[in-house]
Every structure is written in C-alpha cells, then in structure tokens.
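Trainee: Fold the following, please.
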Amino acid sequence: MTVTTLSGRELNHDLGRAKRAAKDGPVIITDRGRPAHVLLSFDEYKRLTGKMRTLGDMLAAPGADDIDLPLPQRSEHAKPVDLS
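Mentor: The predicted model follows:
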C-alpha cells in the first residue's frame, strides 16, 4: 500500500492524480501543512467501515485470537425438563 500526501492546492489542481493514487492506498490531504483529510477508494472505505454480521463472523476474523472476551458469571441455572 502506498500512502500519498497532497496539499489542498495540489488536490484542486490535479484531482485525477489524487483519484489514481487512491487506488493504491490512502491519499492524505494537507491544509496549511497539516493532515486534514484522507481520500480512500470506495472499496477500501467499505472494508474499513463494514460491519461484521454475526458473532461467528467476528470470531473468525483475522486477529480474533488476540481479543480477550471476558464473560460475566451466569447467575441463572437450568432446571430439569419433564419430557414425559
């Protein structure tokens, strides 16, 4: 992934360059020399903001092994069921 930095003036002057660069990675847009905005491809934006649909999806995601998931002790207990 390539990170490109453009000033706001460069962005206004050559928007096509910024759009092409966003295909290869984020484009940081500066305002008065300080990072102010980031331009991403739509696919990258979807990847970053996409929500996991189920707990199974989240547990199967890369890096899930590193997540500590403390669960509270259960206070209720199952009662026997009469199936007669």
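
Trainee: for the spatially most central residue of the chain, helix, strand, or coil?
Mentor: Using Cα atoms, centre = their mean, the residue of the chain that lies closest to the mean C-alpha position is Leu48, 2.3 Å off. Assigned with DSSP: H, G, I helix; E, B strand; the rest coil, Leu48 falls in the helix class.

Trainee: Need the three-state assignment for Val81.
Mentor: coil.

Trainee: show me where pLDDT drops low in this protein?
Mentor: 52-53 (pLDDT under 70).

Trainee: Would you map the strands across it?
Mentor: In the chain, the strands defined using DSSP state E lie at 4-7, 27-31, 34-39.

Trainee: Report the contact partners of Arg47.
Mentor: Residues counted as contacts of Arg47 (Cβ atoms under 8 Å, 6 or more residues apart in numbering): none. Quick note: C-beta positions are derived from backbone N, CA and C, even for glycine.

Trainee: Redo the strands of the chain as TSV? Include mean neighbour count and distance to Leu83.
Mentor: Converted to TSV, those look like this (neighbours: other Cβ atoms under 10 Å; distance: least, Cβ to Cβ, whole Å):
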stretch	mean neighbour count	distance to Leu83
strand 4-7	16	67
strand 27-31	17	64
strand 34-39	12	60
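
Trainee: what about those strands, which gets the closest to Leu69?
Mentor: strand 34-39 (30.7 Å; Cβ to Cβ).

Trainee: Tell me the bridge partners for the spatially closest residue to Pro26 that is not a sequence neighbour.
Mentor: Nearest non-adjacent residue to Pro26, counting by Cβ to Cβ, 6 or more residues apart in numbering: Val38, 5.1 Å away. Beta bridges link Val38 to Ile28, judged by DSSP bridges.

Trainee: and the gap between Val38 and Pro80?
Mentor: 58 Å (Cβ to Cβ, to the nearest Å).

Trainee: Ok, Asn12 next?
Mentor: Taken as Cβ to Cβ, the span from Asn12 to Pro80 is 73 Å.

Trainee: For those two, indicate the residue with more neighbours.
Mentor: Asn12 (11 against 5; other Cβ atoms under 10 Å).
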